Structures are given as structure tokens and as C-alpha cells.
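*Asks:* Build the 3D model from these lines:
(chains A and B)
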There are 2 protein chains.
Amino acid sequence: MHETYLQQALQLARDNVDSGEGGPYGAVIVKDNRVLAASGNKVTSNIDPTAHAEIMAIRVACKRLNDFRLTGCVLYSSCEPCPMCLGAIYWARLDAVYYACNRFDAAAANFDDSFIYDEINRPPQHRRIAMNHVNLPDAQKPFALWNQKIDKIPY
Amino acid sequence: MHETYLQQALQLARDNVDSGEGGPYGAVIVKDNRVLAASGNKVTSNIDPTAHAEIMAIRVACKRLNDFRLTGCVLYSSCEPCPMCLGAIYWARLDAVYYACNRFDAAAANFDDSFIYDEINRPPQHRRIAMNHVNLPDAQKPFALWNQKIDKIPY
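*Replies:* Numbering: from 1, shown residues only, chains lettered A, B, ... in the order given. Model (predicted):
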């Protein structure tokens, strides 16, 4: 069963290269043994660096369920999710992930997945893209407002 | 200068709580001392778990520049980017990031940023959301097609 859905993800990845719509990646989201969403990578065709196959499939699945949580769903990806997609998987609260290639296969094809995984463990200000903390007196105000808000929608 | 843009990001975060559009986060992207894109968090209003402020701002900036690369741009965020947004920042090839709050401030307001950073360093199959590698004979085919493709658009 897992292999069938992974083969679908790999087929999407191959089709994506053939059609020129984006990178060699595909993802499928399954709920109750039915495909809820499927997408290839659309970074170049959508002019959106966040349009990885996993992110696109998550967006479609959420729209279909009218829910920003995908509890009960499983993601099948042609390749190990990059840190961006890993984060999206947690925020979407998926049940599990299955993948065929890994970050080193992606690196061999000149994709930055493995490099970004390495960067995460460096101190923010020493990363290749420096991430700098600035102390401001009112920085905690948004969180304070959020904590006080009675009718908020947690996610 | 950095403080001015960070204050704008914090204002977006406060406005976002007031309007009920999403979580207490805001982000601004600046190029050549001009604001190119600005957004609050839209997870609940867009029904999209990937609609963090940074991701939304990156998408808007890319559309405005008609480019999936944001080289020459700086991101200002009310809070340290989560792993999803960190990944997006690398894929977008931004120059630098400045932020006001950090992952521990977010954790204190019940957001999972710090938890997801911890999960990344666990073996994939032992994460809270298990990520399982499955060996398939044709797994490398999409990358092989990509490497052979003459007219591909690298990103």
C-alpha cells in the first residue's frame, strides 16, 4: 500500500520534469485509503520558492477538507522533506510521512536540502543567511495580546 | 533602520491579533530601502497551515519582482522564523533576516516552533510524526531525468 502511493509520488515527479513545471519532486496526501491531494513541485511555474510538492499538496488537502489541520492524513513524497516541508508537516499535524529518496540524493542533483539541514544547527547570526536578533522594548506585545484574546482560533 | 522595519513587523503582528486574521506574527521584506511586501500570519483565515507571515511575505515579494529568488532583499520578522520559514528563506535566497522575539517566546505562547527545531535532530523514523524511508527500485529516476534535461530551470 505504501509502495503504491510512493509510486504515484514518483510518477508525479517524473511527469513534472517532462512537463517543465518545476523540480523533480511529487507528493500525495492520503486519508482513509483515498488520495486527497497530489502535486508536483511548482517553484518555477508559480514563481514561488515555497511551492514544493509537499507544500502544494498540503494546501490542496486543507482546502478540500476546509481545515488547517490534516490529522488522520498521511503524506507520501518522492523525496525526504526539506526543512521547510518538515515544518509544514508539523504545522499541518499530519499522521506520518513516507518517502523514497533522501536529502543526499537531492544534494547529488544540486538541491540544497542537506545544506539547509546543516545550517539549522549553526548559531543564527553565523548562518550563511545571517539571522539577527534585535532587542526591542515592545517585542512581546503581540504574544501578550494573543494570550489575552478570548475569541482566538489556536492552530 | 533595522528597528524601524522590525517595528512595522511588530505592528502587523498586533493588528493581526486585533483583526482575528491569524496568529501574533508579522513580516516585512525590504529591498533597496523600500518595503516590497508585508503580511501578518494567515493560517486560520486562509485555511492554510503554511501561511505564516514570512511565507506570505516571500510569496508577495516574488510575485512583485516576478522572480522566485529574492537576492538583495532582507526579511524583518516579529519572531525568529520557525524551521518551515527558515527553509523558505534559504530557498528564496534572501540576503539576511532580523527578528524581535525568539523561539522560546513563541513556545511560551503555546506555539510549536521550538518543539519542531528539537524534532529535526531526531532520527526521521523516531520523530513524533514518523518519517519513514522506503526503498524502491525506481526512486532515483526523477533525479536522473532532471540531470539529463537540457532546458531545465534550476532554482
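*Asks:* And stretch A:14-33, how far out from the chain middle?
*Replies:* Taking the mean of its C-alpha atoms, stretch A:14-33 sits 13 Å from the chain's own mean (CA atoms, centre = their mean, to the nearest Å).
*Asks:* got a list of what the nearest residue to residue A:141 once chain neighbours are set aside touches?
*Replies:* Once flanking residues are discounted, residue A:141 sits nearest to residue B:14: 6.0 Å by CB to CB, 6 or more residues apart in numbering or on different chains. (C-beta placed from N, C-alpha, C; glycine too.) When contacts are counted by CB atoms under 8 Å, 6 or more residues apart in numbering or on different chains, residue B:14 touches A:141, A:142, A:145, B:24, B:26.
*Asks:* give me that answer again for 6 Å
*Replies:* Shown in contact with residue B:14 (CB atoms under 6 Å, 6 or more residues apart in numbering or on different chains): A:141, A:142, A:145.
*Asks:* ok, now residue A:109?
*Replies:* Listed by CB under 6 Å, 6+ apart, the contact set of residue A:109 reads B:143, B:146.
*Asks:* which residue sits closest to residue A:78, ignoring its sequence neighbours?
*Replies:* If the residues on either side of it in the chain are set aside, residue A:78 comes closest to residue A:13, at 4.1 Å by CB to CB, 6+ apart.
*Asks:* neighbours of that neighbour, just the number please.
*Replies:* Residue A:13 has 30 neighbours, counted by other CB atoms under 10 Å in any protein chain shown.
*Asks:* just checking, it touches residue B:143?
*Replies:* No: contact criterion CB atoms under 6 Å: residue A:13 and residue B:143 do not qualify, at 8.5 Å.
*Asks:* which neighbours do these two share?
*Replies:* residue A:24.
*Asks:* I'd like the mean pLDDT over the lengthiest helix in chain A, please.
*Replies:* In chain A, with assignment by DSSP state H, the single longest helix is helix A:2-19. The pLDDT scores in helix A:2-19 average 97.
*Asks:* Is chain B within reach of the helix or strand following that helix?
*Replies:* Following helix A:2-19 in sequence order, the next helix or strand is strand A:26-31 (DSSP states H and E). No: Strand A:26-31 is not in contact with chain B by CB under 6 Å from any CB of the partner chain; minimum separation 7.4 Å.
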